[in-house]
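Visitor: Build me a model from this:
(one chain, ligands or ions: 1)
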Amino acid sequence: MDGRLTTIELFKEDMKFSAGHFTIFSATERENLHGHNFTVSAALTGRVGREGLMADYGAFKRELKAMCDAWNETFMLPNCSPHLQVERTDSEVLAHYDGTTLRFLPRDVTVVECANVTIEELARLFGERLTAEPERLRERGVVGVTIKCASGPGQWASWVWTEKQA
Ligand SMILES: Nc1nc2c(c(=O)[nH]1)N=C([C@H](O)[C@H](O)COP(=O)(O)OP(=O)(O)OP(=O)(O)O)CN2
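Guide: Predicted coordinates:
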């Protein structure tokens, strides 16, 4: 590798998903159910090899798109909230919050491994998926990954990984 660093930024038009959610602010305060057109973008920093190539970014695009597709047109519930408990019955997904129960059909819900369906948690989920195999990233010369997730124009949260922290 000639060693120089480059950063490839991915913010394709189709890296998006329309999903419902509500932000939980406390044990007794949350938003009403609503939705956003979320978008996600990634910046991959890495070393350029003698072939004039860093890691092929195609795999990263496919991974991000697959996550967007899985969450698109569903209602997202957090699986690890300190304030909300998710219960699955034979025919429903129940969300117990502050003495109330929200009822969903399984086909309409995505339960995600996060404490809150916020842009900061969604950015982390995207980032952790892309950096699940840090050794493989290193082999491909990737030294940094930054994910941005937005719930609309002009507001996003970032999540950053560097090879040193892994
Ligand atoms: N730290 C965070 N705070 C909030 C988040 C979040 O993800 N992290 N999310 C929300 C809600 O999603 C809320 O719906 C956002 O509403 P708003 O800021 O009004 O954004 P809109 O998409 O509705 O766009 P506007 O045009 O600005 O109204 C709240 N807090």
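
Visitor: Show me what counts as buried in the longest strand seen in the chain.
Guide: Criterion DSSP state E: the longest strand present in the chain is strand 34-47. Buried residues in strand 34-47, counted by 16 or more other CB atoms under 10 Å: 36, 38-47. For the C-beta atoms, the positions are set from N, CA and C on the backbone; glycine is no exception.

Visitor: same for the ligand: which of these are within range?
Guide: Among the buried residues of strand 34-47, the ones lying near the ligand by CB under 6 Å from any ligand atom are H36.

Visitor: Can I get the buried residues of strand 34-47 in JSON lines including pLDDT?
Guide: Converted to JSON lines, these look like this (pLDDT from 0 to 100):
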{"residue": "H36", "pLDDT": "98"}
{"residue": "F38", "pLDDT": "98"}
{"residue": "T39", "pLDDT": "98"}
{"residue": "V40", "pLDDT": "98"}
{"residue": "S41", "pLDDT": "98"}
{"residue": "A42", "pLDDT": "98"}
{"residue": "A43", "pLDDT": "98"}
{"residue": "L44", "pLDDT": "97"}
{"residue": "T45", "pLDDT": "97"}
{"residue": "G46", "pLDDT": "95"}
{"residue": "R47", "pLDDT": "92"}
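
Visitor: For the buried residues of strand 34-47, work out which two are farthest apart.
Guide: H36 and R47 (36.0 Å; CB to CB).
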